[in-house]
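# Just the structure for this:
(chains A, B, C and D, ligands or ions: 4)
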Amino acid sequence: MTAPFDLRRPEGGRIDRARAMRFVFDGAGYSGYAGDTLASALLANGVRLVARSFKYHRPRGIATAGAEEPNALVQLRGNARSEPNIRATQVELYDGLVAASQNRWPSLELDLGALNSVFAKLLPAGFYYKTFMWPPGFWHFYERLVRRMAGMGRAADASDPDRYDHRWAHCDVLVVGAGPSGLAAALAAGRAGARVILCDEQAEPGGSLLGSGATLDGAPAMQWAGAVLAELGALPDVTVLPRTTAFGYYDHNALGLVERVADHAAEPLPGQPRQRLWLVRARQVVLATGAIERPLVFRDNDRPGVMLADAARTYLGRYAVACGRRAVLFTNNDHAYDAALALHAGGVDLAAIVDLRAEPGGLRVDAARARGLRVIAGRAVTATHGRSSVTGVDIARLQEGSDLAVLDRESIACDLVLNSGGWTPSVHLFSQSGGRLRYDEATGAFLPGRAVQAVRAAGSCNGAVALKDCLKQGAAAGAAAAGDCGFAAAPPALPAAEPEPESAPMRLLWVVPSDAPVGHKGKHFVDLQNDVTAADLRLAAREGYRSVEHLKRYTTTGMGTDQGKTSNLAALAILAEATGREIPAVGTTTFRPPYTPVAMGALTGRTVGALLDPARWTPIHRWHVRAGAVFENVGQWQRARYYPQAGEDMHRALARELHAARNAVGIFDASTLGKIDVKGPDAARFLDLVYTNSWSKLGIGRCRYGFMLREDGYVFDDGVTTRLADDHFLVSTTTGNAAPVLSWLEDLLQMEWTELKVRLTSVTEEYAVVTLSGPFARRVLTELTADIDLEPKAFPFMSLSHGTVAGIAARVFRVSFTGELSYEVQVKASYGLALWNACMEAGEKYGITPYGTEAMHVLRAEKGYVIVGQETDGTVTPYDLGMGWIVNDNKPDFIGKRGLRRADLQRPDRKQLVGLRLEAGERRKLPEGAHLVADRDAVPPMPMLGHVTSSYWSVALDAPIALAMIKGGRARMGETVYAPLPDRVAAATVVEPCFWDPEGKRLHG
Amino acid sequence: MKRYSIFSLARNALSHHEDWPQAWRSPEPKPAYDVIIVGGGGHGLATAYYLAKEHGISNVAVLEKGWLGGGNTGRNTTVIRSNYLWDESAHLYEKSLQLYEGLSQDLNFNIMLSQRGVVNLAHSEHDLRELSRRVHALRLNGIDSEVLSLDEVRRLIPILDCSPAARYPVLGASVQWRGGIARHDAVAWGFARAADARGVDIIQNCEVTGILRDGGRVTGVETTRGAIRAPKVGCVVAGHASVLAAMAGLSLPIESHPLQALVSEPIKPVLHTVVMSSAVHAYISQSDKGELVMGAGIDTWNSYAQRGSLPVVAHTVGAVCELFPIFGRVRMMRSWAGIVDICPDASPIISRTPVEGLYFNCGWGTGGFKATPGSGWVFAYTIARDEPHPLNAPFALERFSTGALIDEHGAAAVAH
Amino acid sequence: MLLIHCPWCGPREEVEFRCGGQGHIARPADAMDISDAEYARYLFMRTNPKGWHYERWNHVHGCRRWFNALRHTVTHEIRATYRPGEKKPPLPDGTT
Amino acid sequence: MADAIPRLGALDHLGLAARATAEPGAAGVWLGERRFLAKINLRGDPQNAAFMQAAGAALDGVQPTTAPNTAVRAAAIDLLWLGPDEWLVVAAAGSEAALAARLAAAVAPHGGTVTDVTESRTTITVSGPRARDALAKGCPIDLHPRRFRPGDCAQSLLARVGVILLRADDATGPVPRFELHVLRSMADYLWRFLEDAGQEYGVAVVESEDRSQGSGIR
Ligand SMILES: Cc1cc2nc3c(=O)[nH]c(=O)nc-3n(C[C@H](O)[C@H](O)[C@H](O)COP(=O)(O)OP(=O)(O)OC[C@H]3O[C@@H](n4cnc5c(N)ncnc54)[C@H](O)[C@@H]3O)c2cc1C
Ligand SMILES: NC(=O)c1ccc[n+]([C@@H]2O[C@H](COP(=O)([O-])OP(=O)(O)OC[C@H]3O[C@@H](n4cnc5c(N)ncnc54)[C@H](O)[C@@H]3O)[C@@H](O)[C@H]2O)c1
Ligand SMILES: Cc1cc2nc3c(=O)[nH]c(=O)nc-3n(C[C@H](O)[C@H](O)[C@H](O)COP(=O)(O)O)c2cc1C
Ligand SMILES: [Zn+2]
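Ligands and ions are numbered 1, 2, ... in the order given. The predicted structure follows:
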């Protein structure tokens, strides 16, 4: 060599030499160019050692140039943007990039974890299962040590500052992969007029053309690609998505894509999402995902400097980087000669081509020989040398019928070992789609077989090898896909590729012999990421893990972040050999999404934080906020729980609110309750069927409380229903059940009782609802209305009046959930706040006090009113609640009628609703959920009677009260039961569940 | 059975690990057995093991249509706990947890039981109430369980977002310290090896295609490898329970749904307990290899395909990122699904059937991994004695007629 | 990620729908006269077939209509969707 | 008296009127609100010619359509298909009481039902050159100009919220315009979602043309 050898070759490549980029790896500064990947830039700087392996902490370098990289995983960026396990081969270099190696301590060069290698003999596949069992119970301690070695990179130490996006997309034809096959497919479909999405995981479309140096019509192939892209760009219905990986193929031609919008910069622009998840529904799919070169499995094939042949060619062709100065190619096929020749032409000294085949021949081999290259046939690389970088290889002759290669040994010094064991088509997505694979003996690969979705494979993922075949298949697939969508098209005219020589057959040799039996000396790595060796795989097979799925799980082969893209085939072939089966009989493991790992942020999208779930607000919400209310989530609704005033805690605020509601007047926002308009001539009949009680005879303007059961007889929902007209009812539901109840009623009407003429409309949000409750409720209302007669005779309990309140058209319901005189005023939602304000103003002189859900709960508990979901839990009947009166058994049918009759629902010792009073002077509430027993001295496990469903401090009674569901409770009135609590045993007397105004004088008042 | 230990490992290292025996045989099926177990998942293998160990019945075949442990046993998120609400469930799952606690030694196979604690988060007053109810019940049942304050949660799981400004802020939690995770495959393999050592024939790639009967009695099964006779047949086929039942002319209160799960790339340990949140719909743990293991929801439609929809996975991952905002940049490495057998009350069926000699153990749905040894133990008892053990008597099929369901859905999340 | 043909709205994404389980289960008219065991058949017992399944769907986030579908539980192919009251399509293998 | 009583719109707390601009400039997504549009739910049997006729007559000749997912648009009324026996009448703010009464009277004899749902939903407008891109971030409907044409409507999801979606432009201009009728309680969430989704393209709040009530609904 004359000129000093610079790994970055003086010319060529698709890098922009005008734009130098500084970057840092493991604290050291380097520079590269725009267009580089982190891997190409590291290689250009002569950085070989970039990682440590998972289990043995062996030094590792860069083995590939793409998504299949098993070794070169780095920790990228820092702080809150720190990302673990990023493949250096896929990171676009940007100015200021910071990366670090992982899984080593204290440093990459000197990694104490490598001590594991010393114990390697004790750590065969599955060793965990065989040890750490003694002394019993000590796994706990061993695990701590084991866990220290877990993982590779680290999660960031602060919340991810970036935003992510989702978007739905629809197209006629989705083309995955923008190599020559994909470009031809997209062109064919796009020209035909179809809506096309073309995506490729790489920064630039072109696929293998980016680095191969191929020509089309005599010009560099990328010129053709550029023209195609320009034409596609001009078509309005074609979307080209670079940096976009199709990661999952789901049912009915739905695919998940992830677009890396801003990963090629230090951080996203303001407002820009970092990544975008595309949910694509495609009528037709063309997979043009290419093929991945397969490494050979030879001894110590993991040293930095051992690399796939085509990857080295890509580094040279695309990034103008020579991966070494002196190379040895180790191959079982013709194709790799192309790479060797390209490297040779690029100035790399090619020390030898070691070909496993005894008599390689054909044009490529001739060409190599013609260039004076040394082709060593019938031999194998039997070992590599070096520590943090390869320094040479041993080769020896293969012998028929021997597991060893010891003859004609020779050592060759080199700093680069290229190897190629053939190509594995990327059938991941095809297989995810449910398509069958078929094994091709000649190439030792699984190819797409019968498709079950509307999908076609084209190009080298479909087994095509020559560029012209890839183009042809791509164009045909694109045209056919468009045709199936109704866009007639002939495949476009294609450029002419250089004629490619016929390949001679490859030699499949899944484990390359060395001078010692496999497993005795050095390591034959199959899965480089998880450090799984050929010996491990054979051991597993020997131990009976004969299913490929057992093999995978026992050895962890293919379970790393690369999901075995370079290793799965060899692993199953080794298993086939070890168990005397054919490869297709062994089969592959299951291909699963994602094709390459997807950031959890991208899966999340923008529905996080405040956008996680709608916070539903009532029309009066703003008032509550201004009043300093503490809110609680009830389903999606946010409801005011209590309104603390300065210096008040919840207890004090509650006491004040309760006092007002019992002694003056309270005001409550009840807008969230579900409201369903039930209209039609059969409305009453319908309600008779869905409620336990009867509705036909309910007068117009009258209200009634009802239970809905499920078919199995258990309480589903409750609420007050009002008859507005003969054929018109207003049903109210609990807040949380509004949607389920409506949907259940629609189900019954649409599917079961289709003859009923009833229509349902949700009017929950049409009205704001303000409840006035307490002895002065009437007085407040009197101040606000002139046209509603509030006299009890004219407007009795459980009835409705229409009129104006505070000048607003209103429906006023005289119902009560507090046990006090109480009115529910409904107005159109936009007037809700005005109504509330008017009530506050008019009520001032009566001491009107807003109360929240907490006080509401206490008030109703004092009355013994149940809350569905608190007293009930899906296993409670109306009888259990002591509310048998609400079940009209004379009706021929209602939902739940038959269910209630079942044997277990008739048991006398079912849990029943009771009240609990504590001993006189006891100030401590029972905890809600506390369980009750009959025997004060019982020890666990003890027979339990039931549990406390509600428990409050009753201001009205100045004592704690509780409701409980206990076995045979109605028969236990007056008995003492006990709640064994962590700190004491509390005693309580079983009483009727109503603690306040049992005669109901107040609410009828 | 050659015992596994650090010494056997050292010995075998000297011979380059070339002399390890098979963990289990791959025998040809015999024409007849005393008991046939259909389904080589954890529950089926455990049943066979305990039939041999506890009841001296070792002329047993386990018939598995694919590879052993390849059903839900091989695809679950490995959460183990016994903190169930109702007494019946609590006692059954507690029996199982206790068996788990000695299982590595019993089987001489390290199943890596990691009792790192299972934390259930509460996000609403309703959640808190339910959680308290459960903890109280468990305590009186003698099962460890406690309530954690928000501060305790924060200290235990520093990476959890406990901010009160969250859309659904964490308000508190319960914990069962004895809960945790185990290595799921090891449970299947450990039972298989130990059952095999006691003479059980484990026959893989052998699908049961019919149930042979003579009048009201079972006489054996038809399989893809021919008919095999036995006076007692126990079906433990999880998602395929209805298919097996149909072969015997029975129908079950079971629906099969895909349940998805996923793992992240392996990262250095940051999460040291199991965290579950039913309100935000996420549960997550970190394995000893470093992956975050996450369970998603079921797809609402019936399916026998081990695949589900992307939005279901996305929803779960979103919930996880909401709880753990540092995970946004951690990446999902693999997702998959199993077919779970869902009962109307979310409790299992371990029962005799109207066909004499035919037993079913199914309906474990989304939560039967934790029950594996206990389920096998009671099912072996039920088959051996032709009557249920008191622990599984409440889980008989009759409950669907009488209405004595054991509703473990948790209380309905509604309020006024 | 199913693509479901609402019999009214046409093809829509699965997220707009909710599955209502097995279809064509008649509510027993003689419920009060049958045994608990027979009633349990209606309440709980399901065919849950591995293969073609008649099932109910609700277009909850669309037209709110319920409808029936014939779907395969292994391939997930939806052979037909049809309105309530419309005749059940035959099973693709000829039986009903 | 009623005139004096303040009405509160679902998004009033956001102060949109003050933020509104007449010139969206470079913004790709233009958001606005149309408050209080009259909305009336109409149910009836489309096979019943008398019902259809009566409804049409009461709606100034706007006949309910049986073509799913389309709206009939007239000067003062939009009539959106919601289901096989369900439509949404959208008309000028303030007209709901009279319109509902008129419609109810007309269709009741023919088995039709009418429910005023004016206050249940508000209407958010989304337009601008990137309107489709912003909507696609949450909405699974195919909004391609050939697939979702002027006058097409759909009920679907947007993010986690159910919406009624109408393409409200007439396709002559380059900029599509959509109207979203969304439940009042979720409007704040939806608005924030859209602002967030549109951020990438730039968001402008535009004056909603009907803030001066009483004009026609377009
Ligand atoms: C994603 C996911 C997450 C889960 N997470 C948890 C969790 O965290 N904690 C927990 O406790 N549980 C969990 N579960 C549930 C748990 O996995 C199951 O309940 C449990 O593993 C069931 O075990 P099994 O042995 O009954 O079933 P399986 O392991 O499914 O075994 C049944 C076997 O029967 C075989 N079979 C079926 N039909 C036939 C036939 N005709 N002939 C022969 N063989 C047949 C199948 O091939 C299968 O191997 C989860 C499940 C899933 C899918
Ligand atoms: N034996 C062989 O298969 C072989 C050997 C050497 C060279 N070649 C040459 O390679 C070329 C093959 O062309 P091709 O177009 O079929 O493949 P290609 O490799 O050129 O292009 C495939 C493209 O798909 C992308 N891709 C893969 N999976 C993806 C995913 N899930 N999401 C998004 N993008 C994805 C890849 O990054 C790549 O850009 C031909 O020129 C051929 O001659 C083939
Ligand atoms: C607890 C647990 C941890 C797993 N960890 C990994 C893992 O680290 N790498 C991996 O590729 N798969 C992992 N898997 C998923 C399996 O590869 C596989 O997807 C799963 O067992 C379902 O099987 P199937 O995908 O072959 O159908 C894990 C599964 C479970 C249940
Ligand atoms: Zn529809």
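# just the strands in the stretch 301-416 of chain B please.
Along the stretch 301-416 of chain B, counting by DSSP state E, counting those that start in this stretch, strands occupy B:331-342, B:349-352, B:358-362.
# deepest of these, which one?
Each of the strands of the stretch 301-416 of chain B was scored by mean neighbour count; the highest is strand B:358-362, a mean of 28, by mean count of other CB atoms under 10 Å in any protein chain shown. C-beta here means a position set from N, CA and C on the backbone, and glycine is covered the same way.
# Output it as CSV, restricted to C-alpha atoms.
Extracted in CSV, the C-alpha atoms of strand B:358-362 (Å, rounded to 0.1, in the frame of the first residue of the first chain):
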residue,chain,number,x,y,z
LEU,B,358,-64.6,-38.2,33.6
TYR,B,359,-63.2,-35.2,35.5
PHE,B,360,-62.6,-31.7,34.5
ASN,B,361,-60.2,-29.1,35.9
CYS,B,362,-60.6,-25.8,34.0
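# in the chain, what residue sits furthest out from the centroid?
This is for chain A. A:K793 (60.9 Å; CA atoms, centre = their mean).
# my question was about chain C
C:D33 (26.9 Å).
# Now for the closest residue to ligand 1 within chain C: which residues touch it?
Per CB to the nearest ligand atom, C:K50 is where chain C lies closest to ligand 1, at 9.3 Å. Contacts for C:K50 (CB atoms under 8 Å, 6 or more residues apart in numbering or on different chains) come out as B:H240, B:S242, B:V243, B:S256, B:Y304, C:T73, C:V74.
# Quick check: the residue farthest from the centre of chain C vs A:V328, distance?
87 Å (CB to CB, to the nearest Å).
# picking up where we left off before, just send the strands of the stretch 301-416 of chain B back as a markdown table, with distance to D:A105 too.
Below are those laid out as a markdown table (distance: least, CB to CB, whole Å):
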| stretch | distance to D:A105 |
| --- | --- |
| strand B:331-342 | 50 |
| strand B:349-352 | 58 |
| strand B:358-362 | 59 |
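# Chain D: which of these is closest?
strand B:331-342 (20.5 Å; CB to the nearest CB).
# tilt between that closest one and strand B:358-362?
Orientation check (axes from the mean of the first three to the mean of the last three CA atoms, to 10 degrees): strand B:331-342 against strand B:358-362 gives 140 degrees.
# Just the helices from the stretch 201-350 of chain B, written as ranges.
B:241-247, B:310-323 (DSSP state H, counting those that start in this stretch).
# same check, this time on chain D
Using DSSP state H, the helices found in chain D span residues D:16-19, D:49-58, D:96-107, D:131-136, D:187-198.
# Any residue of the last one touching chain A?
In other words, helix D:187-198. Yes - using CB under 8 Å from any CB of the partner chain, helix D:187-198 comes into contact with chain A via D:D188, D:Y189, D:L190, D:R192, D:F193, D:D196, D:A197.
# What subset of the contacts of C:K50 is buried?
Among the contacts of C:K50, those buried by neighbour count (16 or more other CB atoms under 10 Å in any protein chain shown) are B:H240, B:S242, B:V243, B:S256, B:Y304, C:T73.
# The first one and B:V340 touch, don't they?
No - B:H240 is beyond contact range of B:V340, at 11.0 Å (criterion: CB atoms under 8 Å).
# Give the residues shared as contacts by these two.
Counting by CB under 8 Å, 6+ apart, the residues touching both B:H240 and B:V340 are B:S256.
# Show the low-confidence segments of the chain, by residue range.
With no chain named, the answer covers chain A. Residue ranges of chain A with pLDDT under 70: A:1-3.
# My question was about chain C, not that one.
Short version for chain C, where the test is pLDDT under 70: C:94-96.
# Can you list the residue ranges for strands in it?
C:3-6, C:10-13, C:18-22, C:52-58, C:66-72, C:78-82 (DSSP state E).
# Turn the ones you listed into CSV, columns for mean neighbour count.
Compiled in CSV, the strands of chain C are given as follows (neighbours: other CB atoms under 10 Å in any protein chain shown):
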stretch, mean neighbour count
strand C:3-6, 20
strand C:10-13, 19
strand C:18-22, 17
strand C:52-58, 22
strand C:66-72, 23
strand C:78-82, 17
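# out of those, nearest to chain B?
That would be strand C:18-22 among the strands of chain C, by CB to the nearest CB, at 4.2 Å.
# Having no further points to raise, I will conclude here.
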